[in-house]
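Asks: pasting the sequence and the predicted coordinates here, then a few questions.
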Amino acid sequence: MDFGLLLSAYARQQNDRKLPRQRMLYEALRSAILDGTIAQGTRLVATRVLAEELGIARNSVLYAYERLAAEGFLEADRHGSVVAHLGLQQQSSMCAAAPLPATLSKRVAGLSNDRDALKELVAFRPGLPALDEFPLAQWRAAMERAWRGIDASDLGYGGSHGHPWLRRAIADYLKVSRGVRCDLEQVFITDGTQTSFDVAARVLADPGDIAWIENPGYNGARAALQAAGLRVVPIPVDAHGIAPTPAHWQQSPPKLIYITPSHQYPLGSVLSLERRVALIDAARAHGTWIIEDDYDSEFRHEGPPLSAVQGLAADTPVVYVGTFSKTLFPALRLGFMVVPAQLADAISLTMGEISRRGRVADQVALADFIDRGMYSRHLRRMRRLYSARREALLEAIECHLRGIVTVSGGAGGMHLTARLDVPLSDVEVGKAALVRRIVVPPVSGYCLPAPGAERYNGFVLGYAGVPADEIDGLVAQVANVIETMLSARES
């Protein structure tokens, strides 16, 4: 195979995107593997040989090969790198297998939350970013520029899609950072992931249809699906992500599947490439839609960020959902959906029925923030910061909770999950810690009862919003709470 020709052809298709050679090589090889240009089982040439053939540094080739191997596209043996057997069946018109439902349900989730009571509780609240590290001065400047450019015509209700500048900025960012296949017309701005879930449930399913969710899984998604009148079926999760069996597909075929593949919430596992491919193929076969929630994929601490499920093949049955609440700040209340092109009209109609777009200044400021590179710089800073806070938490757990908890879910994201290895209830420990103004949400609170389901007992520990120098003392307090409860149990 002429890899120089392959790389040049791919570069032309990307409309002269200004990418480093190593990134361009990775994307070109990945695209060729996915579309079958490089067949499964093919042995790739040695990194030194390919570097000489392309006239680039060997480290650039090593980067591409290592990233493809990390994502499961390549398998290494003593002779080199071989393209993995993915089993992905390409279909040009997949979405015809999942027609739109005849009706759109119109229930709205009524979720209550005592924000005043939680306002001062930071450690260890999951999903809370480092608000004290947010670049407020840069954001204020972006907001000022946005308002200077706004005139009277921008003060009315906006279109249901959201501001076109922001939609374009998000599409460009996702194509580069997450491997998402989309253009501006497929991107919709929402008020956050809950709105995205609500809209997706209304458009993609009828009341009474079955929706699968991860178990344990994100309660916000479950609430939105149940509010839409769907029958929620919990599917177990293991170290490789959501794990449906053939019996699940036969006995409870879903109309919707909700997944958090890049960093499962709350356990932290990553959905393997093999399961991603299998899930796409099964969804196509059953006329099922997948809602991919990529809520904290930007913060991966070991290896490069994983590509989205949505981008694995053309015409995947995936609605891709994201939010800026975790990467910037929750009060911004801006999220987005990337939908298959044939869903755009139905999504637009439903968005127009349930809400009127507004807040044009926030949207323009965010687009400006992204285009000027400030968003990417902020993410890089937060990756370093969160990695340091994660390490501080791991060290504190090793020091104060050794033999009491077992940690999992540390490869990425903004939280760790700790299994409780002593005979105490995670709910009761959580209540006792709350007295000391420390939040340690119980894992059991994310679970639904199901036949044969594993019983989870532990904590979801969000570290992103906690300064590293405070973590040891806070973990020591949690340890003291547990030790006090164990002593009382034994007396």
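Replies: Happy to help now that I have it. It should be emphasised that the depicted structure is a prediction, and the values quoted were computed from it without experimental measurement. Residues are numbered from 1 along each chain as shown.

Asks: near residue 66, how many other residues are there?
Replies: Here the number of neighbours of residue 66 (other Cβ atoms under 10 Å) works out to 17. Any C-beta I mention is one placed from the backbone N, CA and C, and that applies to glycine too.

Asks: helix/strand/coil for it?
Replies: Assigned by DSSP: H, G, I helix; E, B strand; the rest coil, the conformation of residue 66 is helix.

Asks: so who does it touch?
Replies: With contacts defined as Cβ atoms under 8 Å, 6 or more residues apart in numbering, residue 66 has no neighbours.

Asks: could you pull out the helices in the stretch 101-250 of the chain for me?
Replies: For the stretch 101-250 of the chain, the helices defined by DSSP state H, counting those that start in this stretch occupy 115-118, 136-148, 164-177, 193-204, 219-227, 246-251.

Asks: format the CA atom coordinates belonging to whichever helix or strand comes after the last one as PDB.
Replies: Okay, so that is helix 246-251. Note on helix 246-251: by DSSP states H and E, the next helix or strand toward the C-terminus is strand 256-259. The C-alpha coordinates for strand 256-259 follow below in PDB (Å, rounded to 0.1, in the frame of the first residue of the first chain):
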ATOM      1  CA  LEU A 256     -33.300   3.800  23.000                       C
ATOM      2  CA  ILE A 257     -30.000   3.000  24.700                       C
ATOM      3  CA  TYR A 258     -28.300   5.500  26.900                       C
ATOM      4  CA  ILE A 259     -24.500   5.100  27.400                       C
END
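
Asks: average pLDDT across strand 256-259?
Replies: For strand 256-259, mean pLDDT rounds to 96.

Asks: quick one: low-confidence parts of the stretch 251-400 of the chain?
Replies: 301, 303-305, 355-358 (pLDDT under 70).

Asks: sorry, back to before: out of the helices of the stretch 101-250 of the chain, nearest to residue 296?
Replies: Taking Cβ to Cβ as the criterion, residue 296 comes closest to helix 193-204 out of these, the separation being 11.2 Å.

Asks: quick one: contacts for residue 378?
Replies: By Cβ under 8 Å, 6+ apart, the neighbours of residue 378 are 134, 135, 327, 328.

Asks: how about the residues you listed in CSV, adding neighbour count and distance to residue 447?
Replies: CSV is the format used below for the contacts of residue 378 (neighbours: other Cβ atoms under 10 Å; distance: Cβ to Cβ, whole Å):
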residue, neighbour count, distance to residue 447
134, 15, 33
135, 16, 38
327, 19, 27
328, 21, 30
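
Asks: hey, least reliable of the helices of the stretch 101-250 of the chain by pLDDT?
Replies: For those, where the average pLDDT is lowest is helix 115-118, sitting at a mean of 41.

Asks: dump the longest strand seen in the chain to CSV, restricted to CA.
Replies: The longest strand of the chain (DSSP state E) is strand 231-238. C-alpha atoms of strand 231-238 as CSV (Å, rounded to 0.1, in the frame of the first residue of the first chain):
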residue,chain,number,x,y,z
ARG,A,231,-40.0,1.7,30.2
VAL,A,232,-36.5,1.8,31.7
VAL,A,233,-34.6,-1.5,31.7
PRO,A,234,-31.3,-1.6,33.6
ILE,A,235,-28.3,-3.2,31.9
PRO,A,236,-25.3,-4.3,33.9
VAL,A,237,-21.9,-2.7,33.6
ASP,A,238,-18.5,-4.3,34.0
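
Asks: use 46 as the first number for this chain going forward.
Replies: All set: I'll call the first residue 46, so the last point we hit is now strand 276-283.

Asks: domain-wise, how is this structure divided?
Replies: By the assignment in automatic domain parsing, the chain contains the domains 48-128, 179-420, 428-535.

Asks: closest one to residue 173 among these?
Replies: Using Cβ to Cβ, the nearest of those to residue 173 is domain 428-535, at 3.9 Å.

Asks: endpoint to endpoint, the closest one covers what distance?
Replies: From its first residue to its last, domain 428-535 covers 43 Å (Cα to Cα, to the nearest Å).

Asks: that domain: how far from the chain's middle?
Replies: Relative to the centre of its chain, domain 428-535 is centred 22 Å away, using Cα atoms, centre = their mean, to the nearest Å.

Asks: next one: stretch 411-418
Replies: 21 Å.

Asks: now it - C-alpha only, CSV.
Replies: Taking Å, rounded to 0.1, in the frame of the first residue of the first chain, the C-alpha atoms of stretch 411-418 are listed here in CSV:
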residue,chain,number,x,y,z
LEU,A,411,-18.8,30.9,23.9
ALA,A,412,-18.2,30.7,20.2
ASP,A,413,-15.7,33.5,20.5
PHE,A,414,-14.1,31.7,23.4
ILE,A,415,-13.7,28.5,21.4
ASP,A,416,-12.5,30.2,18.2
ARG,A,417,-9.8,32.2,19.9
GLY,A,418,-8.3,29.0,21.4
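
Asks: and that stretch, what's buried?
Replies: Residues of stretch 411-418 classed as buried by neighbour count (16 or more other Cβ atoms under 10 Å): 411, 412, 413, 414, 415, 416.

Asks: other residues contacting it?
Replies: Outside stretch 411-418, the residues that touch it by Cβ under 8 Å, 6+ apart are 183-184, 187, 190-191, 208, 210-211, 213-215, 218, 369, 373, 377, 379, 420-421.

Asks: if any of these are buried, put those into a PyMOL selection.
Replies: The buried residues among the contacts of stretch 411-418 can be selected in PyMOL (16+ other Cβ under 10 Å) with this line:
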select buried, resi 183+184+187+190+191+208+210+211+213+214+215+218+369+373+377+379+420
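
Asks: which residues sit in contact with residue 178?
Replies: Applying Cβ under 8 Å, 6+ apart, the residues contacting residue 178 are 426, 427, 430.

Asks: how about residue 84?
Replies: Residue 84 neighbours (Cβ under 8 Å, 6+ apart): residue 128.

Asks: how close does it get to residue 323?
Replies: To residue 323, residue 84 is 20 Å away according to Cβ to Cβ, to the nearest Å.

Asks: could you do residue 333 as well?
Replies: Taking Cβ to Cβ as the measure, residue 333 falls 13 Å from residue 323.

Asks: neighbour count: those two, which is higher?
Replies: residue 333 (24 against 15).

Asks: tell me how many other residues crowd the closest residue to the more buried one other than its chain neighbours.
Replies: Once flanking residues are discounted, residue 333 sits nearest to residue 299: 5.4 Å by Cβ to Cβ, 6 or more residues apart in numbering. Residues near residue 299, counting by other Cβ under 10 Å, number 27.

Asks: minimum distance to residue 502: which of the helices of the stretch 146-295 of the chain has it?
Replies: Of all the helices of the stretch 146-295 of the chain, helix 264-272 comes closest under Cβ to Cβ, at 17.1 Å.

Asks: and that closest one, C-alpha only, in PDB?
Replies: The C-alpha trace of helix 264-272 is given here as PDB (Å, rounded to 0.1, in the frame of the first residue of the first chain):
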ATOM      1  CA  ASN A 264     -29.900   9.300  37.500                       C
ATOM      2  CA  GLY A 265     -30.600  12.400  35.400                       C
ATOM      3  CA  ALA A 266     -30.800  10.300  32.200                       C
ATOM      4  CA  ARG A 267     -33.100   7.800  33.900                       C
ATOM      5  CA  ALA A 268     -35.400  10.600  35.200                       C
ATOM      6  CA  ALA A 269     -35.700  12.100  31.700                       C
ATOM      7  CA  LEU A 270     -36.500   8.800  30.000                       C
ATOM      8  CA  GLN A 271     -39.000   7.900  32.700                       C
ATOM      9  CA  ALA A 272     -40.600  11.300  32.400                       C
END
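
Asks: thanks a lot, catch you later.
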